[in-house]
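*Asks:* pasting a predicted model and its sequence here:
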Amino acid sequence: MTSELEKIDLIRARLGVSYKEAREALEKADGDVVQALVNLEEQGRNLGERFQARGQEMVGQVKEFLQKGQTYRIKVKKGDRTVYEFPATIGALGLIGALASSEIAVLGALGTVAAMANKYTLEFERQGERPEYENTSLGERPV
């Protein structure tokens, strides 16, 4: 007869789970090691499917963000003159890069200080934006 600790060790060796998880699975399976293994494998598969679904959802959100970002532009201006213009998604990717790397963050901070010292400004503009009501008085619908 195999002791409960040996059964738990067997489950842990097969699936790489914690003692607590192995013990709980063994208790739910009424001491049946094979059933505990099956139950834990099904839980792991369900968890993997949830991670995969969440990953696909996140990819969809990133695609939507990138598409929305293409309608916005960021302009770097000095006075009334536009020095540089780029899509907002490029700015967002730069921000993500700055969050991921301390070297890029330092360069971004130095660039910001230099831009402020030279009186540069940022302007955000939506491409193709048109006022909803043009040349109308109150209460009238647009032409």
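*Replies:* Good, I have the coordinates.
*Asks:* may I see the buried residues of the helix-or-strand element of the chain with minimal mean pLDDT?
*Replies:* Of the helices and strands making up the chain, the lowest-confidence element is helix 88-100, at a mean of 75, by mean pLDDT, DSSP states H and E. Neighbour-count burial for helix 88-100, counted by 16 or more other CB atoms under 10 Å, picks out 88, 89, 91, 98. No exception for glycine: its C-beta is placed from N, CA and C like everyone else's.
*Asks:* tell me the helix or strand right after that helix.
*Replies:* Sequence-wise, the next helix or strand beyond helix 88-100 is helix 102-117, with elements assigned using DSSP states H and E.
*Asks:* partners of the next helix-or-strand element following that following helix, with directions?
*Replies:* Sequence-wise, the next helix or strand downstream of helix 102-117 (DSSP H and E) is strand 120-126. According to DSSP bridges, strand 120-126 has the following sheet partners: strand 72-78 (antiparallel).
*Asks:* what residues of the partner strand count as buried?
*Replies:* 72, 73, 74.
*Asks:* surely residue 124 meets residue 72?
*Replies:* Yes: here residue 124 lies in contact with residue 72, judged by CB atoms under 8 Å, at a distance of 6.2 Å.
*Asks:* any shared contact partners between the two?
*Replies:* Residues touching both residue 124 and residue 72 by CB atoms under 8 Å, 6 or more residues apart in numbering: residue 88.
*Asks:* so this structure: which segments form each domain?
*Replies:* Listed by automatic domain parsing, the domain ranges of the chain are 4-61, 70-126.
*Asks:* between the ones you listed, which gets the lowest average pLDDT?
*Replies:* Of all these, mean pLDDT reaches its minimum on domain 70-126 (a mean of 81).
*Asks:* what about it, start to end distance?
*Replies:* With CA to CA, to the nearest Å as the measure, domain 70-126 spans 9 Å from end to end.
*Asks:* now that domain: how far from the chain's centre is it?
*Replies:* Domain 70-126 has its C-alpha centroid displaced from the chain centroid by 21 Å (CA atoms, centre = their mean, to the nearest Å).
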